[in-house]
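Novice: Sequence plus predicted model, see below.
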Amino acid sequence: MSQCSACAAVVENGASRLCDACDRKRLTCRVCGHEFGYRSILDDLPIVQCPICEGRAIEVGD
């Protein structure tokens with residue numbers, strides 16, 4: 001077992017770096033409006049910023 005890179009919850013599937021809840025979450029940049037998921041910024045976690053404009057004003061949705 002490992003920890004989720006986004007929220008540190010236990011990840012049962014050792015092949016994944018995200019828990020199921022974080023894998024499904026959608027993030028929206030308040031600066032440029034780009035919608036993305038944690039998977040697209042996985043290598044940068046725990047820093048969460050828009051992959052397009054690099055803004056850090058992020059809204060988390062389900």
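Specialist: Happy to help now that I have it. Numbering: from 1, shown residues only.

Novice: give me every residue that touches the residue most central in space within the chain.
Specialist: Most central in the chain under CA atoms, centre = their mean is Tyr38, positioned 2.1 Å from the mean C-alpha point. Contacts of Tyr38 were listed using CB atoms under 8 Å, 6 or more residues apart in numbering, and they are 5-6, 18, 22-23, 25, 27, 45, 48. All C-beta spots, glycine's among them, are computed from the backbone N, C-alpha and C.

Novice: can we see that at 6 Å?
Specialist: 6, 18, 22 (CB atoms under 6 Å, 6 or more residues apart in numbering).

Novice: Which pLDDT value belongs to it?
Specialist: We have a pLDDT of 96 for Tyr38.

Novice: again, but for Met1
Specialist: In this model, Met1 carries a pLDDT of 70.

Novice: and it, how many neighbours?
Specialist: 7 (other CB atoms under 10 Å).

Novice: Excluding chain neighbours, what is closest to it?
Specialist: Val10 (5.4 Å; CB to CB, 6 or more residues apart in numbering).

Novice: Please name the bridge partners of that neighbour.
Specialist: Per DSSP bridges, the residues bridged to Val10 are Gln3.
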